[in-house]
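Q: attaching a predicted model along with its sequence, questions to come.
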Amino acid sequence: MRRNIFVILGVVATMIIAAAGCRQDNKKQGFYDNSTAQKTIADNAAADNAIADNAAADNATAGNAVADNAVANNEAAERDVTREKKGIVLYEIPARLNDRPEQIIRRKGYTTSYNSMTKTANWVAWHLTKSHTYGSVQRSNMVFTEDTDVRAPRATDADYYNSRYDRGHLCPAGDCKWDAQAMQESFLFTNICPQNHGLNKYEWNDLEILCRDWAREYGAIDIVCGPLFDSYSKQKGEQRGGQKAEQRSYQNGEQKTIGRNRVWVPERLFKVVLCRQGSPKAIGFIYNNVGKKQPMREAVHSVDEIEALTGIDFFPALDDRTENRIEAKASLADW
């Protein structure tokens, strides 16, 4: 009997020791598990902090880029773009626009007035010299490029896919062969507008070639061109607050656009040309944005007529007497 009691006590003791060992093992395992979990949490927290730091750095970089662009654009906008730059009067630059969005952007080969509503230029202007009509830079390796100097939404290459419109140059690539940067910048979408393929290939191209011929003949000419929207209406003599005012307004309702970014499609395109050599003269052209044949002589208009349609004051750096005289009439025979 006594022997049985001792056996039972031994078994119980063994069970107690085993249970204690299990508890100790579980405690150690729990400690390790907790340590691992805490380390994982710490690692995740460090990763989150790193992501946050990187995001903050990216935001700071983006913010700085936006700020830099804003400063650059403000500086360009505040300059009197019709007056002197390095002692040279920029005769090609129109007067500032106050009745529509306008962001002035200077490029190496041209200056553009960008309209954030239409996603196209109000106008593009450049001084074309005889030497600039020559050059070895080819357009074959160039690609049309989104202009990050303007805010999104803005025109992209995707907007033109399956649109049935060409990516039509305003300042032509053929006027930028003199410099690689000028050529590259001519492919920015702020220098492009939707253009009918037939017009782009024939009449508009013929006019570009003619302008280069004039630059070679006269030594230099000043050119401004851009889109013309029928939905942009001019109403003169309306009563506003008891005063007569000239009201210009965009009517968005029926404006044709292309792409996700709703790039406006112009019904017509204009170009005005100034020659200051000898007796100054000027001439203007308006082409319908269609593929039908349009004789050049029928596209000729005076600068005054185009000013009335566009609301843009061209060649304001000229003295008033000369400006009034040469803008009132136009004839191909004079050229």
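A: In hand now; what should we look at? This structure is a prediction, so every number in the text was calculated from the model and none was measured.

Q: what's the separation between V272 and E298?
A: As judged by Cβ to Cβ, to the nearest Å, V272 and E298 stand 17 Å apart. (Each C-beta comes from the backbone N, C-alpha and C, glycine too.)

Q: how about E185?
A: Separation of E185 from E298 (Cβ to Cβ): 33 Å.

Q: between the two, point out the one with more neighbours.
A: The neighbour count for E185 versus E298, taken as other Cβ atoms under 10 Å, is higher for E185 (22 against 10).

Q: how close does the more buried one sit to I104?
A: Taking Cβ to Cβ as the measure, E185 falls 15 Å from I104.

Q: please apply the same query to G135.
A: For G135 relative to I104 (Cβ to Cβ), the value is 26 Å.

Q: compare these two (neighbour count), which wins?
A: The neighbour comparison of G135 against I104 (other Cβ under 10 Å) goes to I104, with 19 against 16.

Q: so is that one in a helix, a strand, or just coil?
A: strand (DSSP: H, G, I helix; E, B strand; the rest coil).

Q: I221 too?
A: Under three-state DSSP, the three-state class of I221 is strand.

Q: thought it was touching P280?
A: No: counting by Cβ atoms under 8 Å, I221 stays clear of P280, with 10.8 Å between them.

Q: quick check: neighbours shared by the two?
A: Jointly contacting I221 and P280 under the rule Cβ atoms under 8 Å, 6 or more residues apart in numbering are L274.

Q: in terms of neighbours, single out the busier of the two.
A: The neighbour comparison of I221 against P280 (other Cβ under 10 Å) goes to I221, with 27 against 16.

Q: separation between that one and P227?
A: 21 Å.

Q: now do K130
A: 28 Å.

Q: neighbour count: these two, which is higher?
A: Neighbour tally, K130 and P227, criterion other Cβ under 10 Å: the higher count belongs to P227, 26 against 15.

Q: how many residues are close by the closest residue to the more buried one other than its chain neighbours?
A: Closest residue in space to P227, ignoring its immediate chain neighbours: P266 at 3.3 Å, by Cβ to Cβ, 6 or more residues apart in numbering. Using other Cβ under 10 Å, the number of residues around P266 comes to 25.

Q: wait, P266 sits on S231?
A: No: judged on Cβ under 8 Å, P266 makes no contact with S231 at a distance of 9.8 Å.

Q: what segments of the stretch 101-250 of the chain are helices?
A: 157-160, 180-185, 197-201, 203-218 (DSSP state H, counting those that start in this stretch).

Q: so which bits of the third one are buried?
A: For helix 197-201, the neighbour count (16 or more other Cβ atoms under 10 Å) marks 198-200 as buried.

Q: export that helix to CSV, keeping only CA atoms.
A: Output of helix 197-201 as CSV, limited to C-alpha atoms (Å, rounded to 0.1, in the frame of the first residue of the first chain):
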residue,chain,number,x,y,z
HIS,A,197,-5.4,66.9,-93.1
GLY,A,198,-6.2,68.4,-96.6
LEU,A,199,-5.7,72.0,-95.3
ASN,A,200,-2.5,71.0,-93.5
LYS,A,201,-1.0,69.2,-96.5
